[in-house]
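**Student:** Pasted the sequence and its predicted model underneath.
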Amino acid sequence: MRPWNIAYIYDSLCWLDTWNPSTCMRCSGLNNYGITVIEEQDVLLKFHQLIRAWIELFSHATDPIVLTGSYCFDGEERKGYYEKLVYNKVELINELHKVENMAKYAEVHGKCIVHFGI
C-alpha cells in the first residue's frame, strides 16, 4: 500500500477559488510547487463538501481500492502503461476524514488552510 496521493482528486480541487501569496493573485485549485491559501468561508465549505463527496464515493469501493494513476513509460522497453494506485480502504477514508475535519474547523472558526504544494 502507498500513502494517499492527492493528485487523484486534483481536478475537482480546481473548482476552488484560492489565493497564491507568492504572486498575490487569485487562482483555482492547489499550486503544485508553491503555497496556496484557502480562506473564504464559502470556499472552505465547498472544499469540505468536495472531500465529503470523495469519502462517499470511496466508501462504495472494494478493499483494497485500486485506482488508475498517471501514464508512465518503461525506460528500457519504451512501453507506456498506467500506474496502478493501491490503497487500504479504511486508511484512505480515514485520511480524507482528517482533511474534511480540517476544512470544517477552518470554516466554522474563521480560519484558513495553507497548503505547501503537492
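**Tutor:** Perfect, I can see it now.

**Student:** those strands in this structure, which residues are they?
**Tutor:** For the chain, the strands defined by DSSP state E occupy 17-20, 25-28, 36-38, 65-73, 80-87, 113-115.

**Student:** ok, and which of these has the densest surroundings?
**Tutor:** strand 36-38 (a mean of 21; mean count of other C-beta atoms under 10 Å). In this view, the C-beta of every residue, glycine as well, is placed from N, C-alpha and C.

**Student:** Show me what it is in contact with.
**Tutor:** For strand 36-38, the surrounding residues in contact (C-beta atoms under 8 Å, 6 or more residues apart in numbering) are 16, 18-21, 27, 29-30, 44, 47, 103, 106, 112-115, 117.

**Student:** got the strands of the chain as JSON lines, with distance to Asn5 and mean pLDDT columns?
**Tutor:** JSON lines is the format used below for these (distance: least, C-beta to C-beta, whole Å; pLDDT from 0 to 100):
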{"stretch": "strand 17-20", "distance to Asn5": "20", "mean pLDDT": "97"}
{"stretch": "strand 25-28", "distance to Asn5": "20", "mean pLDDT": "96"}
{"stretch": "strand 36-38", "distance to Asn5": "17", "mean pLDDT": "97"}
{"stretch": "strand 65-73", "distance to Asn5": "7", "mean pLDDT": "91"}
{"stretch": "strand 80-87", "distance to Asn5": "6", "mean pLDDT": "92"}
{"stretch": "strand 113-115", "distance to Asn5": "15", "mean pLDDT": "96"}
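
**Student:** looking at the ones you listed, which is closest to Ile55?
**Tutor:** strand 65-73 (11.9 Å; C-beta to C-beta).

**Student:** other SSEs contacting the closest one?
**Tutor:** strand 80-87 (3 or more C-beta pairs under 8 Å, 6 or more residues apart in numbering; DSSP states H and E).

**Student:** Partner strands of the strand it packs on, with direction?
**Tutor:** Applying DSSP bridges, strand 80-87 is found paired with strand 65-73 (antiparallel).
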